[in-house]
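Undergrad: build me a model from this:
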Amino acid sequence: MNGVINLDKPTGISSNGVLTRLKRLIGESKMGFVGTLDPMAQGVLPVFVGKATKLIPNFEGHDKEYRVTLRLGERTDTFDTDGNLIERRDASHLDEARVREAILAFQGEIIQVAPAYSAVKHNGVPAYRLARQGKPVPEKRRRVRLCNMVVERVDLPEVTFRVACTPGTYMRSLGEEIGKRLEVGAAVSRLIRLRCGNVFRLENSVAMEAIQEAADKDDFAFVINPSDILVDHHPYTVGGAEERSLRIGRVLPLADGCAPPNLLEGPDPPRIKAIRPGGTLVAVGVVVRTREGGWGMQPTKVLV
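TA: Residues are numbered from 1 along each chain as shown. Got it, this is the predicted structure:
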């Protein structure tokens, strides 16, 4: 099976734990996902199945959007309410205006420190493993960008806001910094990923329970055709001989009109998805000049 599942990850299970469960349900051992979600988080987790895992790098650089609920007045070792309480402060003096101002102050480009309890690796060892062993976790900083921040609800001591961000942004670290700015501390009490890029969205995701029910009936309609998520690739239908050429990495000459000048404008070559007449994705690639001076598709990944 080659395809993609737009999973609504439930809370209480790690992203790798979800993968283990899906492998058992679907009977496919080769899987991978884009964007790790903490066990306490829920929401969009794109899972790639079979040879579709080759497409994962195409989606790792996409932005994401979250809905975050913070509990003000608490600090924990994991920066969320699943962790051990480190400090509790009175937040009753805060008002809605000050809370909104503190959150929106982080919009734009910021430097973030990854949480000690995270999957960031240090010399090949995940940070959370070092933290659990009581070992020091080296500070790892990264530059991220936050945008479209909207405070949706202030019901002290909790506040909920929505934010879009670049890959690698930690919502738990953001919550910790907001707590520092308000001088009362804060911990993430709920986290939902609303989208990953523009293709994978919460409103068209599928719950684990629905997957379980469908798999029991051998109904795998929830598995998306990989071609359907490559919305920035131009489709090109291929026959048997063309498919064989792509399989061995040959440049496939494109028929006249399949690479018009408007597709060739800009710094990057246009991307092509080769599909069978029935819609099965054969390969992805880029448009190049052929030796004869025409246009061709250079395959970069073959999925059959």
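Undergrad: three-state assignment of Asp228?
TA: helix (DSSP: H, G, I helix; E, B strand; the rest coil).
Undergrad: what is the burial count for the residue lying closest to Thr280 once chain neighbours are set aside?
TA: Using C-beta to C-beta, 6 or more residues apart in numbering and skipping residues adjacent in sequence, the residue nearest Thr280 is Val304, 7.0 Å away. In short, each C-beta sits where N, CA and C put it, glycine included. Look at Val304: counted by other C-beta atoms under 10 Å, it has 13 neighbours.
Undergrad: thinking Val304 is in contact with Val238, fair?
TA: No: at 10.4 Å, Val304 does not count as touching Val238 under the criterion of C-beta atoms under 8 Å.
Undergrad: and for these two, which residues touch both?
TA: Common neighbours of Val304 and Val238, using C-beta atoms under 8 Å, 6 or more residues apart in numbering, are Val282.
Undergrad: longest strand of this structure?
TA: Counting residues, the longest strand found in the chain (DSSP state E) is strand 141-155.
Undergrad: just checking: what are the partner strands of the helix or strand following that strand?
TA: Next helix or strand after strand 141-155 toward the C-terminus (DSSP states H and E): strand 158-165. Its sheet considered, strand 158-165 pairs with strand 64-72 (antiparallel), strand 141-155 (antiparallel) by DSSP bridges.
Undergrad: so where is this structure shaky, pLDDT-wise?
TA: 116-139, 256-267 (pLDDT under 70).
Undergrad: quick one: the residue most central in space within it from Cys147, how far?
TA: A centroid search over the chain (C-alpha atoms, centre = their mean) returns Gly35, at 3.7 Å, as the residue closest to the centre. According to C-beta to C-beta, to the nearest Å, Gly35 and Cys147 sit 17 Å apart.
Undergrad: all helices of this protein, in order?
TA: Taking DSSP state H, the helices of the chain run over residues 15-26, 96-104, 127-132, 171-182, 208-216, 226-229, 240-247.
Undergrad: tell me which residues of the last one are tucked away?
TA: Counting neighbours by 16 or more other C-beta atoms under 10 Å, one finds that the buried residues in helix 240-247 are 242-243, 245-246.
Undergrad: do you know how far Pro226 is from Thr280?
TA: Counting by C-beta to C-beta, the gap from Pro226 to Thr280 is 9 Å.
Undergrad: I should have written Val150 there, sorry.
TA: Applying C-beta to C-beta, the value for Val150 to Thr280 is 41 Å.
Undergrad: again with Ile86
TA: 53 Å.
Undergrad: could you do Ser205 as well?
TA: Per C-beta to C-beta, Ser205 is found 24 Å from Thr280.
Undergrad: compare the two (neighbour count), which wins?
TA: More crowded of Ser205 and Thr280, by other C-beta under 10 Å: Ser205, with 22 against 15.
Undergrad: now for the closest residue to the more buried one other than its chain neighbours, how many residues are close by?
TA: Residue nearest to Ser205 in three dimensions, not counting chain neighbours: Asp8, with 4.0 Å by C-beta to C-beta, 6+ apart. Per other C-beta under 10 Å, the neighbour tally for Asp8 reads 21.
Undergrad: let me see the contact set for Thr81.
TA: Contacts of Thr81 (C-beta under 8 Å, 6+ apart): 40, 71, 74, 187-189.
Undergrad: ok, and the most crowded of the residues you listed?
TA: Among these, Val188 has the most neighbours (other C-beta under 10 Å), with 29 neighbours.
Undergrad: so that one sits against Gly175, correct?
TA: Yes: here Val188 reaches Gly175: they are 4.6 Å apart, a contact under C-beta under 8 Å.
Undergrad: any shared contact partners between the two?
TA: Joint contacts of Val188 and Gly175 (C-beta under 8 Å, 6+ apart) are 68, 70, 79-80.
Undergrad: show me the domain layout of this protein.
TA: 3-62+199-216, 69-191, 232-302 (automatic domain parsing).
Undergrad: hmm, Leu85 and Gly185 touching each other?
TA: No: here Gly185 does not reach Leu85: they are 9.9 Å apart, not a contact under C-beta under 8 Å.
Undergrad: ok, the two, which is more surrounded?
TA: Counted by other C-beta under 10 Å, Gly185 and Leu85 do not tie: Gly185 has more neighbours, with 24 against 12.
Undergrad: residues near Pro167, how many?
TA: Using other C-beta under 10 Å, Pro167 has 16 other residues around it.
Undergrad: what is the neighbour count of the nearest residue to it once chain neighbours are set aside?
TA: Distances taken as C-beta to C-beta, 6+ apart put Gly61 closest to Pro167, at 5.9 Å, once the chain neighbours are dropped. Look at Gly61: counted by other C-beta under 10 Å, it has 11 neighbours.
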